[in-house]
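Asks: Pasting a predicted model and its sequence here:
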Amino acid sequence: MTRRGNTLLPVDGVAVLPSAGRARARHIPAAWQDIKRAMDVTIGGAALLLFSPVVLLAAAGIVVVSPGSPFFEQERVGKDRRTFKMYKLRTMVHGAHLRHDEMQKLNEVDGPVLKIRNDPRLHALGKFLRRTSIDELPNLINVLRGEMSLVGPRPPLPAEVAHYDELAMRRLTVKPGITCLWQVSGRSNVSFDEWMKLDNLYIETWSPLVDLRILVKTIPAVLRGEGAH
């Protein structure tokens, strides 16, 4: 992903600038959807098996530093505004969600999202799990269940969707994903408006090949840990 002037260039080199007006319909070949699902099941299943020891080790560490279940279920909004329970490793102390409004004064990003680099609600392993994206590995279960895809806009909270404009709402027309253009473009270092443009750019340009390229770009992005908080 590069930028030239005001034009965003997606990973396949096609120049597009998503409009802020009414969403344009795009024909998606049925075969592409089949390929995408096949990639989700094969790559997602293999990744879940490969990283299961990491998840179990991280879960054990969480139990040591923060009593309670190491796993966390959170309601998220997916395709066509359908809600589902997203699975993650818990990075915060119990009851952290009750302090959401209190934390707004520490918010470091714009838009209807809450991102704090050194969130005081994190337990001892929380920052490490987020920086390495290990906390998101249980998302692979959602992928196998068909609620998420490997590649797609990150699923928002219902409270965030309540503040969406038309451009942001369009990201709910596709299945949410574990990684996306936003993930490989700086994550929390990207403004909310830019984030929404990146998601719309993906919707307008995605293909199985684009998904593969985003997956490949995710590896160095995770290793750098840029914007992961």
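Replies: Cool, the structure landed.
Asks: only C-alpha atoms for contact and neighbour calcs from this point on.
Replies: OK.
Asks: For R37, which three-state class applies?
Replies: State at R37, reduced to three classes by DSSP: H, G, I helix; E, B strand; the rest coil: helix.
Asks: With adjacent residues omitted, what lies nearest to it?
Replies: S149 (7.6 Å; C-alpha to C-alpha, 6 or more residues apart in numbering).
Asks: The one you found: neighbour count?
Replies: Counted by other C-alpha atoms under 10 Å, the residues lying close to S149 total 26.
Asks: where's the residue most central in space within the chain, which helix or strand?
Replies: Residue closest to the mean C-alpha point of the chain, counted by C-alpha atoms, centre = their mean, is R154 at 3.0 Å. In this structure, R154 sits in neither a helix nor a strand according to DSSP states H and E.
Asks: and what of F72?
Replies: Using DSSP H and E, F72 falls in strand 71-77.
Asks: where along the chain do the strands fall?
Replies: Taking DSSP state E, the strands of the chain run over residues 2-4, 7-9, 71-77, 83-89, 149-151, 177-179.
Asks: quick one: buried residues of the fourth one?
Replies: If I follow you right, that is strand 83-89. Under the neighbour-count criterion of 16 or more other C-alpha atoms under 10 Å, strand 83-89 has 83-84, 86-89 buried.
Asks: okay, now the nearest residue to M39 once chain neighbours are set aside: neighbour count?
Replies: Excluding the flanking residues, the one nearest M39 by C-alpha to C-alpha, 6+ apart is L150, at 8.0 Å. Per other C-alpha under 10 Å, the neighbour tally for L150 reads 27.
Asks: G146 too?
Replies: G146 has 13 nearby residues by other C-alpha under 10 Å.
Asks: Check G152 too.
Replies: By other C-alpha under 10 Å, neighbour count at G152 equals 25.
Asks: Need the CA coordinates for stretch 78-87. PDB is fine.
Replies: Taking Å, rounded to 0.1, in the frame of the first residue of the first chain, the C-alpha atoms of stretch 78-87 are listed here in PDB:
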ATOM      1  CA  GLY A  78     -20.300  -8.600  11.300                       C
ATOM      2  CA  LYS A  79     -21.700  -8.700   7.700                       C
ATOM      3  CA  ASP A  80     -25.100  -7.200   7.300                       C
ATOM      4  CA  ARG A  81     -25.000  -5.900  10.900                       C
ATOM      5  CA  ARG A  82     -25.400  -9.400  12.400                       C
ATOM      6  CA  THR A  83     -23.800  -9.700  15.800                       C
ATOM      7  CA  PHE A  84     -21.600 -12.600  16.900                       C
ATOM      8  CA  LYS A  85     -19.400 -13.500  19.800                       C
ATOM      9  CA  MET A  86     -15.700 -12.900  18.900                       C
ATOM     10  CA  TYR A  87     -13.100 -15.000  20.700                       C
END
